[in-house]
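S.K.: need a 3D model of the following:
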Amino acid sequence: MRKIRNQSPEAKARARQLRRDMGESEKKLWAPLGNRRHEFKFRKQHAVDRYFLDFYCAEARLCVELDGELHEERRDRDAVRDSVLADLGIETMRVSTWDLYEVPEAVVERIWLKCRDRSGTSE
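M.R.: As a prediction, this is how the structure comes out:
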């Protein structure tokens with residue numbers, strides 16, 4: 001399988017900056033996803049191709065993207081991005097920030113279920 005991670009010095013520096021400057025909703029989702037709090041390991045602001053994935057699980061080849069109001073205006077761009085990732089075997093799961101704040105447990109459970117489904121593991 002082809003390497004998909006962008007390892008350029010510029011991408012590494014940008015990913016580090018994005019990890020340091022996470023927004024409140026990203027921090028809220030990282031709390032249950034980070035540090036292997038479940039059976040799957042997630043990375044934050046993971047560089048793939050020319051994109052930075054909000055959260056990425058390599059085992060499940062799953063990208064979790066938080067979509068706020070800004071994404072309403074970027075649907076076409078997001079569709080192209082999702083298509084590029086799909087061509088690399090990565091599924092994008094979009095989570096609205098509204099859902100994250102209103103039903104956080106349900107959002108996290110959906111993510112774990114998708115990881116299990118994509119990785120072929122069961123509970």
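S.K.: at which residues are the helices of this protein located?
M.R.: For the chain, the helices defined by DSSP state H occupy 9-20, 24-33, 75-87, 97-102, 104-119.
S.K.: residues of stretch 100-107 that come out buried?
M.R.: Across stretch 100-107, burial judged by 16 or more other C-beta atoms under 10 Å covers Leu100, Val107. Using the backbone N, CA and C atoms, a C-beta is placed for each residue, glycine as well.
S.K.: how far does it sit from its chain's centre?
M.R.: 16 Å (C-alpha atoms, centre = their mean, to the nearest Å).
S.K.: using a markdown table, lay out the helices of the chain together with mean pLDDT.
M.R.: Shown next, in a markdown table, are these (pLDDT from 0 to 100):
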| stretch | mean pLDDT |
| --- | --- |
| helix 9-20 | 66 |
| helix 24-33 | 90 |
| helix 75-87 | 91 |
| helix 97-102 | 94 |
| helix 104-119 | 95 |
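S.K.: for Glu39, which of those is the nearest?
M.R.: Glu39 lies closest to helix 104-119 among the helices of the chain, at 7.9 Å (C-beta to C-beta).
S.K.: can you count the residues close to the nearest residue to Glu39 once chain neighbours are set aside?
M.R.: In space, and not counting its chain neighbours, Glu39 is closest to Thr121: 7.2 Å by C-beta to C-beta, 6 or more residues apart in numbering. Number of residues near Thr121 (other C-beta atoms under 10 Å) recorded here: 12.
S.K.: wait, Thr121 touches His38, no?
M.R.: No. Under the criterion of C-beta atoms under 8 Å, Thr121 is not in contact with His38, lying 11.2 Å apart.
S.K.: tell me which residues touch Arg110, please.
M.R.: Arg110 makes contacts with Met93, Val95, as judged by C-beta atoms under 8 Å, 6 or more residues apart in numbering.
S.K.: local confidence estimate at Asp49?
M.R.: Confidence at Asp49, expressed as pLDDT, is 85.
S.K.: likewise for Glu73?
M.R.: On the pLDDT scale, Glu73 gets 68.
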